[in-house]
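>>> I would like to see how this sequence folds:
(one chain, ligands or ions: 1)
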Amino acid sequence: MSGFDLTGLSASFAGERVIGPLSLSVKQGERVALVGRSGAGKSTLISLIHQQVGRESSLVPQDLGLVNALPVFHNIFMGKLDAHATWYNTLTLIRPFSRDRTEVRTLLQELSMREKIWVPTASLSGGQRQRVAIARALFRQSSLLLADEPVSALDGPMAHLVMDLLRKRFSTGVIALHDVELALKYCTRIVGIQDGQIALDEASDRLNPADITPLY
Ligand SMILES: Nc1ncnc2c1ncn2[C@@H]1O[C@H](COP(=O)(O)OP(=O)(O)OP(=O)(O)O)[C@@H](O)[C@H]1O
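Predicted coordinates:
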């Protein structure tokens with residue numbers, strides 16, 4: 001499965017509805033950008049989708065979910081923890097297998113941080129930490145990407161490099177993005193969230209930035 005068809009998505013905090021109820025159907029091959037002002041409900045919607053599709057997806061959460069005390073390698077390896085037996089994961093903590101080392105090194109090379117493989121994640125910059133979370137999602141090798149502002153800490157060229165990589169590696173995705181230009185360039189469909197509801201749902205090639213501005 002890489003597409004999904006979800007109905008009745010809704011979430012409330014302290015009795016106040018922040019998203020939904022809404023339905024979202026994403027076909028295989030679609031890359032959906034979630035856009036909308038801060039607090040509109042994009043992160044909440046990504047969490048709801050992840051709760052439903054779970055193991056079928058690769059998640060890049062906004063808070064990254066890294067274990068600071070562990071090296072970069074182990075944080076990336078965590079993308080596939082559920083694919084291995086406990087003994088394999090335990091041995092990897094002490095002495096990683098060469099095929100995993102090679103795979104992780106290749107990913108880090110693509111993300112221009114190969115030399116950081118054994119560095120504790122705590123000592124990385126914000127942009128490097130974000131790339132570790134992206135590498136973890138790539139290492140997982142699922143076909144559905146769920147990502148919440150995955151390039152917010154990266155400079156322009158690196159943001160384009162990462163968005164291009166995500167486009168090539170994931171056939172289907174839902175990505176919350178503040179950057180409207182990136183959303184239009186790398187995603188096939190734009191879903192605008194306003195007050196917890198879908199206020200815009202259109203193919204990217206039928207939109208320009210001015211069409212999205214009213215959501216902000
Ligand atoms: N754990 C929580 N407890 C209480 N309220 C929350 C919680 N998480 C989110 N909210 C509220 O839900 C609303 C939607 O938040 P959400 O993080 O989904 O928005 P967003 O569109 O992703 O914002 P941003 O672009 O700033 O990341 C906000 O009003 C926020 O304050």
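>>> now Gly173, what's its secondary structure?
strand (DSSP: H, G, I helix; E, B strand; the rest coil).
>>> Now do the contacts for the closest residue to it other than its chain neighbours.
Distance criterion C-beta to C-beta, 6 or more residues apart in numbering; nearest residue to Gly173, sequence neighbours excluded, is Leu145 at 3.6 Å. Glycine gets a C-beta too; all of them are placed from N, C-alpha and C. Residues in contact with Leu145, defined by C-beta atoms under 8 Å, 6 or more residues apart in numbering, are 57-58, 60, 137, 166, 169-170, 172-175.
>>> what sits opposite Leu145 in the beta ladder?
Ser58, Gly173 (DSSP bridges).
>>> Tell me how far it lies from Arg99.
23 Å (C-beta to C-beta, to the nearest Å).
>>> Around Thr194, how many other residues sit close by?
Just so we're on the same page, residue 194 is Gln rather than Thr. 16 (other C-beta atoms under 10 Å).
>>> pretty sure it contacts Asp201?
No - with contact defined as C-beta atoms under 8 Å, Gln194 does not count as touching Asp201 (11.6 Å).
>>> The ligand contacts on the protein?
Residues of the chain lying close to the ligand by C-beta under 6 Å from any ligand atom are 13, 18, 36, 38-44, 62, 176.
>>> Let's see the PyMOL selection covering just the buried ones among those residues.
Command for PyMOL that selects the buried part of the residues of the chain next to the ligand, burial taken from 16 or more other C-beta atoms under 10 Å:
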select buried, resi 18+36+40+41+42+43+44+62+176
